[in-house]
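> Need coordinates for the below:
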Amino acid sequence: QVQLAESGGGSVQPGGSLTLSCTADEKTYAKTCMGWFRQAPGKGREGVARIYTRDGGTYYADSVKGRFAIAQDNAKRTLKLYMNNLKPEDTAMYHCAEVYCSDATPSSGYWGQGTQVTVST
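You can find the predicted model right below:
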């Protein structure tokens with residue numbers, strides 16, 4: 001059974017920072033590419049960041065490049081998403097999942113409940 005649990009979201013002002021965490025079950029965490037995607041109301045899913053779980057190679061969407069960073073803690077089967085200089089357009093529900101290595105969109109059809117990020121004045 002796929003188990004993914006995200007946490008760390010919240011409400012911040014533009015320019016603020018948040019750190020998201022995701023803990024995965026052992027089988028899911030062993031997938032080649034894990035990452036984060038987001039979905040805002042009325043919009044489609046957008047891949048945000050991806051990491052190759054074997055060697056730590058990363059990918060970022062152009063919209064977050066230079067502001068977000070993804071990291072993994074293999075001992076805890078945890079993914080982190082460090083988000084800096086947040087913008088109102090970053091407002092969305094954020095999910096972690098097994099993702100396509102090419103663009104960080106979800107590949108398995110399974111993801112956690114998500115964690116809400118809201119950026120506003």
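
> CA atoms for contacts and neighbours, from now on please.
Fine.

> Which positions within the lowest-mean-pLDDT helix or strand in the chain qualify as buried?
Using mean pLDDT, DSSP states H and E, helix 26-29 stands out as the lowest-scoring helix or strand of the chain, at a mean of 90. Neighbour counts over helix 26-29 (16 or more other C-alpha atoms under 10 Å) mark 28-29 as buried.

> Are there helices or strands packed against whichever helix or strand comes after that helix, and which ones?
Using DSSP states H and E, the helix or strand that follows helix 26-29 in sequence is strand 33-39. Packing partners of strand 33-39 (3 or more C-alpha pairs under 8 Å, 6 or more residues apart in numbering; DSSP states H and E): strand 45-52, strand 92-98.

> Check what contacts stretch 72-90 and list those residues.
Stretch 72-90 has contacts (C-alpha atoms under 8 Å, 6 or more residues apart in numbering) with 13-26, 29, 35-36, 51, 53, 56, 67-71, 117-120.

> Out of these, list just those in strands.
With DSSP state E as the criterion, strands contain 18-24, 35-36, 51, 68-71, 117-119 from among the contacts of stretch 72-90.

> Look up how far Gln39 lies from the residue nearest to Met34 when sequence neighbours are not counted.
Setting aside the residues directly before and after it, Met34 is nearest to Glu98 in space (C-alpha to C-alpha, 6 or more residues apart in numbering), at 4.5 Å. To Gln39, Glu98 is 16 Å away according to C-alpha to C-alpha, to the nearest Å.
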